Structures are given as structure tokens and as C-alpha cells.
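Chemist: quick one, what's the 3D model for this:
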Amino acid sequence: MAGKRVTVQGIFAADLTFRATGIPGWGETLLGDHFQVGPGGKGSNQAIAAARLGAEVVFITKLGRDMFGELARRTYAAEGVSDRHIHESPDHTTGAAAIVVDAVRGENAIVVVPGASNALTLAEVESAASDIAASSVFLTQFELKLPVVERGIRIAAERGVKVILNPAPAVTVATSIYGSVDYLTPNESEARLLSGLPVDSLAEAARAADFFLAHGARNVLITLGARGVLVKNAQLCEHVPAVEAGPVVDTTGAGDAFNAGFAVALAEGADLISATRFGCAVAGVAVTRFGTAPAMPRREEVETLLGGGDH
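Modeler: Purely as a prediction, here's the structure:
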């Protein structure tokens, strides 16, 4: 098994990001103060971040034959993300996301259309089985169609590869899916929606984590924004504080940064809490910058923030 290979399955979406003082209501037009187009999509962001942190990254997705698909391929070539399982659809446009960022608070609201990624087939996921098997970690989310997500998880689990499921966005799923998940990483709202329980305090987060543990997940990490991460399994329950790197500019992609950092640290052999802290540091740097994939930090930045240590 490769010590540092991380396979990510997910979508690419071109991020059209607008910064404004609020979100317009239906029928309302609101003037913004900044706009940019860049690479995005949870899986793609995680793949790029993992590559910047030093992992060998294989990404499984599907693109359209259009300018956004070309943007994706240029980005992966520049970032060193393998494209051998990046498929192409002649009939679908590449995914896209409209992101509104609050100019004062840095909070965001997002509408995403997966586009060609929704045409990724079970056979195409199956074709990546050998690369998944040669990985230390398999990371996926809920932006792809559920049968595709489940097939990737099953391939990894059957081959003894650590599975991280970032259940974003939260969708209705059979709880049996958690039985193949080594690390479940919902944020507060996702944990609330998937468990049906409140997640307003650390004690409530721990009870929500128990719901997922009872349904088979082996480790649960509930990301709590500025409050850090609640980590729970059958042996421990620990709160890992956020790692601050400067003023928060844009929280878009913070969860992707955390998941990538966590995955890379696990692939390198870090223990659960050390890997969580490393993920928090990656996210801590990312939120000090505007954008998603372009905001993901390099390895040396994270190590400097953590005081020179790897994890």
C-alpha cells in the first residue's frame, strides 16, 4: 500500500464567487464589490489541497467538453493531480457553483450544479479500483450521485483502505452506509440534518456523534467552524481547538481544507488527534484567503503555523 497516496472521488465545479454585503432576495438585485472565477467542487478542492500538502493524489470525476472542463484540466496539470481517472462527457456541461461571500463576516451561501459529474458511472468508478486499492486513504463526499459514492466506498472498504466520508451536502441516506466508513466528517449543519439531533454545544455534538457511531461509523469528527472539531469514537471523546492563522476572509472551502489535511496526515501515519490538528491548521490558513482551491495552503505554510512539526 502506498504510504502517501490519497484517492479522492468527487466533483469539479467552476466557482463563480461574488462578494457582497448580503444575499439578494427573489426579484432583488444587489451590487457586489468583487468577483472571480476559479476551480472548485468539494472533491476537486480536496484533491488539490492534498496535492499541495505533498500527497500523491488520484482524482475520480467527470468533466464536460467546455471551457470549465479545460480550466479543470489545466489546474490538475499545474497542481500535480493525476488525471488518469478523470472522464469526459460529450453530452453534459462541466459543473459550476454560484457562491456569495459576505464581505464583512466571510460567511458564504452556495448553489452548486454537478453537471457532467452526475454522469460518472459505476463502471468508471470500478475502473479505478486498482488505484483505490493502492491508496492509504479514500476520500469522498455527497456531491456525486449516491450509488457512485457508495460504490467507491465499497471498493475501498473491501480492500482495507481507510475511508473518509465528508457527508456534504447532507442528503437522505440509509444509515447502513456508515458501516463502511472509518472517519465521518460532517459539519454542524450536516450532523444536525443527518442525525436529527441538535449540535449547538460540545455535549450535543458528542450525542450526535454517538448516533453515527451506533450506526457503524468507527470515528466521527464534527467540524464546528471557529470552535474546532469534536472527535469521538468508542474509546475517546476529545475537542480539538481551531488553529488560527490570521483574520478570517472567506470560509468557503474550509471544510475541504480540513478534510484534505486530515486525509494526508492519516496517509502519513499520524494518529487520530494529530491528524485532526493538522487538518485544523490547513483550514486555519485557507480561511485567511479569498476563494476555494486557490486558497489551499502549501505544506510549508502549515508546518510553520504548527511550529515546524509535520503533525
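Chemist: OK, contacts around the residue nearest the centre of the chain?
Modeler: Most central in the chain under CA atoms, centre = their mean is residue 256, positioned 3.3 Å from the mean C-alpha point. Neighbouring residues of residue 256 by CB atoms under 8 Å, 6 or more residues apart in numbering: 42, 45, 46, 49, 166, 286, 292, 296. In this view, the C-beta of every residue, glycine as well, is placed from N, C-alpha and C.
Chemist: just the buried subset of these, written out for ChimeraX, thanks.
Modeler: Here is the ChimeraX command that selects the buried residues among the contacts of residue 256 (16 or more other CB atoms under 10 Å):
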select :42,45,46,49,166,286,292,296
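Chemist: so what pairs up with residue 13 in the strands?
Modeler: residue 40, residue 95 (DSSP bridges).
Chemist: just use 599 as the starting number from now, easier for me
Modeler: That works, and once the first residue is 599, the last one we named lands at residue 611.
Chemist: that one and residue 757, how far apart?
Modeler: Residue 611 sits 29 Å away from residue 757, going by CB to CB, to the nearest Å.
Chemist: ok, the two, which is more surrounded?
Modeler: More neighbours surround residue 611 than the other of residue 611 and residue 757, with 30 against 15 (other CB atoms under 10 Å).
Chemist: wait, the more buried one touches residue 694, no?
Modeler: Yes - using CB atoms under 8 Å, residue 611 is in contact with residue 694, at 5.3 Å.
Chemist: overlap in contacts, those two.
Modeler: By CB under 8 Å, 6+ apart, the residues touching both residue 611 and residue 694 are 710, 711, 713.
Chemist: pull the number of nearby residues for the residue lying closest to residue 717 once chain neighbours are set aside.
Modeler: Distance criterion CB to CB, 6 or more residues apart in numbering; nearest residue to residue 717, sequence neighbours excluded, is residue 687 at 4.7 Å. Neighbour count of residue 687, defined by other CB under 10 Å: 19.
Chemist: so how far is the helix or strand of the chain with the lowest mean pLDDT from its chain's centroid?
Modeler: The helix or strand of the chain with the poorest confidence is strand 706-713; it has a mean of 90 (mean pLDDT, DSSP states H and E). For strand 706-713, the distance from its own C-alpha centre to the chain's C-alpha centre is 14 Å (CA atoms, centre = their mean, to the nearest Å).
Chemist: pairing partners for that strand, with directions?
Modeler: Partners of strand 706-713 in the sheet, by DSSP bridges, are strand 692-700 (antiparallel).
Chemist: now the strand it pairs with: mean pLDDT?
Modeler: For strand 692-700, mean pLDDT rounds to 93.
Chemist: stretch 603-617 too?
Modeler: 95.
Chemist: can you check stretch 749-764 too?
Modeler: Averaged across stretch 749-764, pLDDT comes to 98.
Chemist: buried residues in it, which are they?
Modeler: Going by 16+ other CB under 10 Å, stretch 749-764 has these buried residues: 749, 750, 751, 753, 754, 755, 759, 760, 761, 762, 763, 764.
Chemist: mind checking pLDDT for the nearest residue to residue 892 once chain neighbours are set aside?
Modeler: In this structure, residue 892 finds its nearest non-sequential neighbour in residue 636, 5.4 Å apart by CB to CB, 6+ apart. We have a pLDDT of 91 for residue 636.
Chemist: thought residue 889 was touching residue 636, still the case?
Modeler: Yes - Residue 636 lies in contact with residue 889 (CB under 8 Å); the separation is 5.5 Å.
Chemist: higher neighbour count, the two?
Modeler: Comparing residue 636 with residue 889 by other CB under 10 Å, the one with more neighbours is residue 889, at 22 against 17.
Chemist: A helix includes the more buried one, no?
Modeler: No - Residue 889 sits outside any helix when classified using DSSP: H, G, I helix; E, B strand; the rest coil, being coil.
Chemist: okay, now residue 675: neighbour count?
Modeler: 10.
Chemist: surely it and residue 668 touch.
Modeler: No - with contact defined as CB under 8 Å, residue 675 does not reach residue 668; the gap is 10.7 Å.
Chemist: and the helices in the stretch 699-848 of the chain, which stretches?
Modeler: Per DSSP state H, counting those that start in this stretch, the stretch 699-848 of the chain carries helices over the ranges 720-724, 727-731, 744-756, 786-793, 800-812.
Chemist: can you show me the CA trace of the first one as CSV?
Modeler: The one in question is helix 720-724. Provided in CSV are the C-alpha atoms of helix 720-724 (Å, rounded to 0.1, in the frame of the first residue of the first chain):
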residue,chain,number,x,y,z
LEU,A,720,-20.4,2.8,-11.7
ALA,A,721,-18.2,1.2,-14.3
GLU,A,722,-15.9,4.2,-14.4
VAL,A,723,-15.6,4.1,-10.6
GLU,A,724,-14.8,0.4,-10.9
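Chemist: circling back: overlap of the contact sets of residue 636 and residue 889?
Modeler: Residues touching both residue 636 and residue 889 (CB under 8 Å, 6+ apart) are 613, 615.
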